[in-house]
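Asker: Got a sequence here, can you model it:
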Amino acid sequence: MGRRRSGLALAAGGVAGVLALSGTVAAQSENRELIDGLEAQLLYVALPLTLFVLMILVYAAVKFHDNDDPKPTAEDPALEITWTAATAIILLFVGIAGYSVLVSPYVSPSQPGDLTGDGDIVDEEIESLDDLPETDDEEVVVRGYQWGWEATYSENNVTTRDEIVIPADEDVTMWLTADEVIHALFIPELGIKQDAFPSEFTRVRTVAYETGLYDAVCTEFCGAGHSRMDADIVVVDPEVYDEWLEDNEGERATAPDPS
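Answerer: Got it, this is the predicted structure:
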């Protein structure tokens, strides 16, 4: 009995520790905040359920391990209705929680075809940067190639290589495209992951909260140099961002110091 209580206490302590740790790291972007919030909601539901099931399993194993004359479980309609209804409620909660995040414009932003009202994206519709629909966000075109990333700021004719500069606390749209093969831009700390297709444009939308350097990598195998295809996401104050664009107009630039 003492061992059983100690095991249950240890399990409960572990659950409490995980729940406490789940909210200790501040999200660095709107995308990451939405994703972390969903994970926390599901964690708060999943862990108590897991502990409850394990407790029942341990109880049944201990109580009936030496039962030499087992009998079928008696019918209990009320219990069956209860666990069926409870399962339905849990699944409904998971569905609503997931849907509320998936419909966010930062997790599932409108793509070029949706913004232009033409439905599906067709190659000849978006033939150049000039064909991209207008948004109210700060915009940067990110092109993946074997094996690197090039960012273009069309309004100021500024380009960077393996550095993507964005302003903090402002809506930013990244138009992703690729040259030879499919690439995928993954920025873990900002909660961004999106494929980049040759001759097409896909949209990523974010608001970064904190200035600083963030790592970006390609997560779509794209050839021999795939493991070296990384970049720095440089988040700077809006004033520094505007000044940087003006100072480097018409040039290939290097990112400003985010500090």
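
Asker: switch to C-alpha atoms for all contacts and neighbour counts from now on
Answerer: OK.

Asker: Secondary structure class of residue 231, three-state.
Answerer: Three-state call for residue 231 (DSSP: H, G, I helix; E, B strand; the rest coil): strand.

Asker: pretty sure it contacts residue 187?
Answerer: No: assessed by C-alpha atoms under 8 Å, residue 231 is found out of contact with residue 187, at 9.4 Å.

Asker: which neighbours do those two share?
Answerer: By C-alpha atoms under 8 Å, 6 or more residues apart in numbering, residue 231 and residue 187 have these common neighbours: 215, 216, 217.

Asker: In contact with the residue nearest to the second one when sequence neighbours are not counted, which residues?
Answerer: By the measure of C-alpha to C-alpha, 6 or more residues apart in numbering, the closest residue to residue 216 outside its immediate chain neighbours is residue 187, 4.6 Å from it. Each residue near residue 187 by C-alpha under 8 Å, 6+ apart is listed here: 193, 214, 215, 216, 217.

Asker: Farthest-apart pair in the residues you listed, please.
Answerer: Across the contacts of residue 187, no pair lies farther apart than 193 and 214, at 13.4 Å, counting by C-alpha to C-alpha.

Asker: What ranges does the protein have for its strands?
Answerer: 138-145, 148-153, 158-161, 163-167, 172-178, 183-187, 192-196, 202-206, 212-218, 230-236 (DSSP state E).

Asker: Taking strand 172-178 as reference, get the angle to the second one.
Answerer: This means strand 148-153. Here the directions of strand 148-153 and strand 172-178 differ by 130 degrees (axes from the mean of the first three to the mean of the last three C-alpha atoms, to 10 degrees).

Asker: Please determine how far the most centrally placed residue in the chain is located from residue 247.
Answerer: In the chain, the C-alpha nearest the mean C-alpha coordinate belongs to residue 191, at 3.6 Å (C-alpha atoms, centre = their mean). Look at residue 191 and residue 247: by C-alpha to C-alpha, to the nearest Å, they are 30 Å apart.

Asker: Much appreciated, bye for now.
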